[in-house]
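Asks: structure, please.
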Amino acid sequence: MTDHTIIYTLTDEAPALATCSLLPIVRAYAGTAGVPVETRDISLAARILASFPERLAAEQRVADDLAELGRLANEPEANIIKLPNISASVPQLKAAVAELQLQGYAVPDYPDEPRTDEDADVRARYAAVLGSAVNPVLRQGNSDRRAPASVKSYARAHPHRMGAWSPGSRTNVVHMTAGDFRSTERSVVVDAAGSLRIELRRSDGSTTVLRESVPVLEGEIVDASVMRVAALDVFLAEQVARARSEGILFSVHLKATMMKVSDPVIFGHAVRAFFPRTFALHGDAIASAGLRADDGLGAIFAGLESLPDGASIRAAFDAELSEGPRLAMVDSGRGITNLHVPSDVIVDASMPAMIRTSGHMWGPDGLESDVLAVIPDSCYAGVYQAVIEDCRAHGAYDPSTMGSVPNVGLMAQAAEEYGSHDKTFEIPADGTVHVVGSSGRSVLEQRVDAGDIFRMCQTKDLPVREWVKLAVHRSRVTGDPAVFWLDAARAHDALVIEKVHRYLADLDTDGLDISVMTPVEATALSLERIRRGENTISVTGNVLRDYLTDLFPIMELGTSAKMLSVVPLLAGGGMFETGAGGSAPKHVQQLLEQDYLRWDSLGEFLALAASLEHLAQATGNARAQVLADALDRATGTWLFEDRAPSRSLGGLDNRGSHFYLALYWARELASQSADPALASAFAPLAESLSRDEARIVDELVSVQGSPVDIGGYYHPDPAMADAVMRPSPTLNAAVASLG
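Replies: Got it, this is the predicted structure:
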């Protein structure tokens, strides 16, 4: 790899299938500027296979591409285009393992309860695959997410539908007020580099080391907090009763993928709280069958089918379901509830969708209804409640006039909660967890009871300093105010605020409007300005970055996938993420059933243009800049010609949208004057794509309507997937002619 190389990641589900269609176009066009486009596979299946090389035949082994990219992200020549990947929950991991086993890969089963040293080793390897395994490795820089001007202009000219809000809406967000992570949080600033040990000192006098060594640097912030499950259980039971008494839907919103240790456990408590009688009567039988509430109702119901008394246990579940409250549904037609799969209702996507839909979710009857949205931890739940109260008071937002809330996010070096996975534990016994320094002195401690969830988070000093610099830079470039969403009443935030003020004093902020507000205050200000058509830069921590870069884009643009997401890496390279929005499993289902992929690749187009521009600036490759500028103009045309995939069969799908991008990009390159040789090279392609437009569209559309086989869901067969995603011989030949 050279400093002229772009690395394009292979991921999962809909983005991975779209790559089969788009990547040949990208490679052909980039090749005219001497820019190689290499791939690295960071899909869930590839991560699993890379974890067990000794169990595979030589021809089955795969390189650990994620580890390689992690090293590259710390090099100045890094130029990575990162597509959405599966942040796997345990049920998703198990499904992927089963598929790989059927394909002949001898990967081991996931051990729910390790009984041997081998089981413990297998589980530890899978722990590195679960949840947010990719992002902490690659995100060696802070985040700059915003809606490009062309996207915002299109959204205003073609506003998406927003559901009307009623002042009488009974939808609300509820959270804990004591015993959660926020209220128990304790934080310190490390005064010298070294390491910390996490240990549980049990009430019986014994000590268990939970984590032997956690490296720390001078000046970094370390937090220790606890979710007290006794308080959690009381809270959840109260919310079930409230939803029943108010006659509204009950819905739990967590992050059971990224927060791969804590949130599945919290989800399991929610399942048990909704079915208290069933678990009181049959909990032992359910557990002895290896079925876990943490995996959701879907896994439990499937497992009950093989139990002798499974029918009676299922009847007990059904009886409590019928007594209410009504559960919010993921798919009411198929009976999939909010409690079926922990990865189905992810807070940062599900809450904006609810707000966009009049504050409603779907009920068991297939109709929309008001919701009691349960977000147990109080760190950020108030943000969503503030939006709901604003909509109740002032109505829905108007995408044709509303402003934007771009984000500068602190995420470098696994900052804050998303770096806590290997330091999060479900506590096995009563006692006290101590975070112990090199001297043997306890730096932090937390009293715990059996079943409590302890987590330790780290935020290094360099990412905070660079985050502040990036916020000031974006405010100066745009002229928009920048607000740090930090709460001095929260232990962690109080220490971050001290650093923010210190580093702001070192920067030129004359004429800039930069402030610090609590998340709820910052939400209210941003909403007020949005309604006036004004922009406000949100400067936030890692999890809140994730939440806001779905919340505001979904209201402004209809989707978060249309955001430009640039990560200036600390070492000088660049990573370009293709927007938020997940990996769209429902889109894959439609492709398999109807040969129609609804995935919108606009995020890929935006990331590619930014990647080419970064490469041009870093290497002096003027032709790469010509490609980037032409791609920007082509994307604008693509938007205003409405070439995004339609939602219905018979229209353009993802493959058709790629054709039109190729056509508009070729036309822009053929007509530009900055590089006559490049214009001459693209003129024949632009002519042939224009001439054969009708034939190509017909070849792409005519395949729709029948089921297709791609050889696997988590691990498709590359040749089969390519054949499905590149069904136009005319387009394929035209693209190949460029090479």
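Asks: does residue 432 belong to a helix, a strand or coil?
Replies: strand (DSSP: H, G, I helix; E, B strand; the rest coil).
Asks: how many neighbouring residues does residue 264 have?
Replies: 26 (other C-beta atoms under 10 Å). The C-beta positions use only the backbone N, C-alpha and C, and glycine is treated the same way.
Asks: show me what whatever helix or strand it lives in is packed against.
Replies: Applying DSSP states H and E as the criterion places residue 264 in helix 262-274. Contact here means 3 or more C-beta pairs under 8 Å, 6 or more residues apart in numbering; DSSP states H and E; on that basis helix 262-274 packs against helix 229-246, strand 249-252, strand 453-459.
Asks: what's the neighbour count on the closest residue to residue 639 other than its chain neighbours?
Replies: When the adjacent residues along the chain are set aside, residue 639 lies closest to residue 154, with 4.1 Å between them (C-beta to C-beta, 6 or more residues apart in numbering). Applying other C-beta under 10 Å, we find 22 residues neighbouring residue 154.
Asks: so residue 154 makes contact with residue 640?
Replies: Yes: using C-beta atoms under 8 Å, residue 154 makes contact with residue 640 at a distance of 6.3 Å.
Asks: correct me, but residue 574 touches residue 568?
Replies: Yes: contact status for residue 574 versus residue 568: in contact at 6.2 Å, counting by C-beta under 8 Å.
Asks: of these two, who's got more company?
Replies: For residue 574 versus residue 568, the count of surrounding residues by other C-beta under 10 Å is larger for residue 574: 24 against 19.
Asks: who's in contact with that one?
Replies: 78-80, 141, 566-568, 610-611, 614, 618 (C-beta atoms under 8 Å, 6 or more residues apart in numbering).
Asks: sorry, back to before: mutual contacts of residue 574 and residue 568, please.
Replies: residue 141.
Asks: ok, back up a step: dump the contacts of residue 574 to JSON lines, plus secondary structure, pLDDT and distance to residue 170.
Replies: As requested, the contacts of residue 574 are exported to JSON lines (DSSP: H, G, I helix; E, B strand; the rest coil; pLDDT from 0 to 100; distance: C-beta to C-beta, whole Å):
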{"residue": "78", "secondary structure": "coil", "pLDDT": "96", "distance to residue 170": "49"}
{"residue": "79", "secondary structure": "strand", "pLDDT": "97", "distance to residue 170": "50"}
{"residue": "80", "secondary structure": "strand", "pLDDT": "97", "distance to residue 170": "46"}
{"residue": "141", "secondary structure": "strand", "pLDDT": "93", "distance to residue 170": "43"}
{"residue": "566", "secondary structure": "strand", "pLDDT": "92", "distance to residue 170": "40"}
{"residue": "567", "secondary structure": "strand", "pLDDT": "92", "distance to residue 170": "40"}
{"residue": "568", "secondary structure": "strand", "pLDDT": "93", "distance to residue 170": "44"}
{"residue": "610", "secondary structure": "helix", "pLDDT": "95", "distance to residue 170": "43"}
{"residue": "611", "secondary structure": "helix", "pLDDT": "97", "distance to residue 170": "46"}
{"residue": "614", "secondary structure": "helix", "pLDDT": "95", "distance to residue 170": "48"}
{"residue": "618", "secondary structure": "helix", "pLDDT": "94", "distance to residue 170": "54"}
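Asks: and which of the residues you listed is nearest to residue 149?
Replies: Using C-beta to C-beta, residue 610 is the member of these that lies nearest residue 149, at 13.3 Å.
Asks: ok, and the closest non-adjacent residue to the closest one?
Replies: Closest residue to residue 610 apart from its sequence neighbours, by C-beta to C-beta, 6+ apart: residue 576 at 4.9 Å.
Asks: with residue 112 instead?
Replies: According to C-beta to C-beta, 6+ apart, the nearest residue to residue 112 is residue 290 (6.1 Å).
Asks: residue 165 too?
Replies: Per C-beta to C-beta, 6+ apart, closest to residue 165 is residue 391, 4.4 Å.
Asks: for that neighbour, give me the pLDDT.
Replies: pLDDT recorded at residue 391 is 97.
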